[in-house]
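Q: Quick check, what structure comes out for this input:
(2 chains)
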Amino acid sequence: MTVPAKRVGCFSETTFEDEVVVLHLESGEFYSLQGSARAIWEAIDGVASREALIAALAENFDAPPAEIAADVDRFLDRLSEAGLVAR
Amino acid sequence: MPQPAAFAVARFAGAEAAMALLAKETRWREGVVSPRFDGAVIAPGASCVSRSGFLLRTESGLDIHYRRGEGVTVARGGGVAAGEEALWLAGSVRAAIAAICGLLPLHASAVAHEGRVYAFAGASGTGKSTLVAALARAGLAVYADDTLLLDLGDPARLVCLPGHKRLKLADDVLALTGARGEEGVGAGIAKRYARPAQGAPPPPRHPLELAAICFIEEGGAVAVKPIGGGEAIARLGEDHYTQRFFTAVAGLDRAGLFALRARIARQARMTCLTRPRALDRLADSVACVVQALRADGALQ
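A: Numbering: from 1, shown residues only, chains lettered A, B, ... in the order given. Okay, here's the model as predicted:
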């Protein structure tokens, strides 16, 4: 069971009405997170496991967990590649 | 377009003080300029800026030195084209001094409408001045051309300082916008200094709050659209020309710059004007922008 955690100290983030913008401090790359991406980002608290994130989001978006799982895994991969999340 | 002001214009004491300081600090005289700055020799074509001053050396032979509290000293070599020093003094030199005085320079031209400022940003040659000259003919007051200075002292709002009263325009734009051309800019630039069209409102002389920044970009159909925070931060980051002074002087790191851009994107409405560059479509851009300004005013 993996527990994704944000790499605190590696990024800066700011919230607009419908989007969270995250800056990777070392690379200077930044990411605009909206919709489900924003929901996943905000749900990552270093405590909830991948499975718990999927369950919470499936309930939130009223979608089958299998469908959500694919989205969550893809997005966690991207966050991990970007150096924003450790697993 | 705008009717006589029926709205209250707020006075911003901090920005008024910054204006007075800038007027004092940008005073210049001719004199001897050493090629050394903070102990290092600066080569022609290079510049060096610190928290208290700068040395700018052009390849053409112009040396401009500024030290906070002492003002600007200019030394011109033999090869300097007529008009070149005026361009530097009104452009990069003013922007750098403003940054040292704590003001943020934006590469933008601007108009005032109902007591607030609407800025038009974009790289050199995007048509910022052209659009503003055309908006002046449509009845809007020109507030700044090419560089718009922001006072960041009030955390709750972005306050602009008024810029020069003249625009820099090409001859075909002068004819199209009714702007009144004066002497040529010189220094090999095919533009002329110009005053806004007869009948345009007089340029405001006081600081005003920034309402919006509109990024100009080329496209087929004319439209003004809002842009999101992430895109706004990215576009604000493209403004290297003026913001590099501020970043150097304020000692901002990436996180600091990010926070500053996020603040701007939050405190001003961020939009994008897509329009064809062709001058025969300028009237369409003006109509579209005027409509957007009216809608913005109505939202207040």
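
Q: Quick one: the strands in chain A, in order.
A: Under the criterion DSSP state E, chain A contains strands at A:5-6, A:11-16, A:19-24, A:30-33, A:85-86.

Q: what would the ones you listed look like in a markdown table with mean neighbour count?
A: To be clear about C-beta, it is placed using only N, CA and C from the backbone, and glycine gets the same treatment. Listed next are the strands of chain A as a markdown table, based on neighbours: other C-beta atoms under 10 Å in any protein chain shown:
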| stretch | mean neighbour count |
| --- | --- |
| strand A:5-6 | 16 |
| strand A:11-16 | 18 |
| strand A:19-24 | 21 |
| strand A:30-33 | 20 |
| strand A:85-86 | 18 |
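
Q: can those go into TSV with extra columns for mean pLDDT and distance to chain B?
A: Below are these laid out as TSV (pLDDT from 0 to 100; distance: least, C-beta to the nearest C-beta, whole Å):
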stretch	mean pLDDT	distance to chain B
strand A:5-6	96	15
strand A:11-16	95	3
strand A:19-24	96	4
strand A:30-33	94	3
strand A:85-86	95	18
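
Q: need the contact list for residue B:282.
A: Neighbouring residues of residue B:282 by C-beta atoms under 8 Å, 6 or more residues apart in numbering or on different chains: B:130, B:131, B:134, B:176, B:177.

Q: who in the stretch 151-300 of chain B is up against chain A?
A: For the stretch 151-300 of chain B, the residues in contact with chain A (C-beta under 8 Å from any C-beta of the partner chain) are B:228-231, B:233-234, B:254-255, B:258-259, B:262, B:265-266.

Q: Drop anything exposed from those.
A: Buried members of these, counted by 16 or more other C-beta atoms under 10 Å in any protein chain shown: B:228, B:229, B:230, B:231, B:233, B:234, B:254, B:258, B:262, B:265.

Q: where along the chain do the helices fall?
A: By default, I'm working from chain A. Assigned by DSSP state H, the helices in chain A fall at A:35-43, A:50-61, A:65-81.

Q: nope, chain B please
A: B:13-25, B:84-88, B:94-100, B:128-137, B:171-177, B:229-236, B:240-250, B:254-267, B:282-299.

Q: what's the least confident stretch among these?
A: Of all the helices of chain B, helix B:240-250 carries the lowest average pLDDT, namely a mean of 79.

Q: Counting neighbours, what do you get for the nearest residue to residue B:285 once chain neighbours are set aside?
A: Leaving aside its sequence neighbours, residue B:285 sits nearest to residue B:275 (C-beta to C-beta, 6 or more residues apart in numbering or on different chains; 4.4 Å). The tally of other residues near residue B:275 (other C-beta atoms under 10 Å in any protein chain shown) stands at 23.

Q: so who does residue B:275 touch?
A: Residue B:275 touches B:216, B:217, B:218, B:219, B:222, B:223, B:281, B:284, B:285, B:288, counting by C-beta under 8 Å, 6+ apart.

Q: Now which of those residues would you call buried?
A: B:216, B:222, B:285, B:288.

Q: residue nearest the centroid of chain A?
A: The C-alpha lying nearest the average C-alpha coordinate of chain A belongs to residue A:41 (C-alpha atoms, centre = their mean; 2.8 Å).

Q: ok, that residue touching residue A:20?
A: Yes - using C-beta atoms under 8 Å, residue A:41 makes contact with residue A:20 at a distance of 6.0 Å.

Q: Can you check which residues contact both of those two?
A: Contacts common to residue A:41 and residue A:20, judged by C-beta under 8 Å, 6+ apart, are residue A:33.

Q: for chain B, what are the nearby residues on chain A?
A: So far as C-beta under 8 Å from any C-beta goes, chain A lies against chain B at A:12, A:14, A:16-19, A:21, A:23, A:25, A:28, A:30-32, A:34.

Q: Kindly reformat the residues you listed as a markdown table containing distance to residue B:50.
A: A markdown table is the format used below for these (distance: C-beta to C-beta, whole Å):
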| residue | distance to residue B:50 |
| --- | --- |
| A:12 | 26 |
| A:14 | 30 |
| A:16 | 35 |
| A:17 | 39 |
| A:18 | 41 |
| A:19 | 37 |
| A:21 | 31 |
| A:23 | 27 |
| A:25 | 25 |
| A:28 | 24 |
| A:30 | 29 |
| A:31 | 34 |
| A:32 | 35 |
| A:34 | 41 |
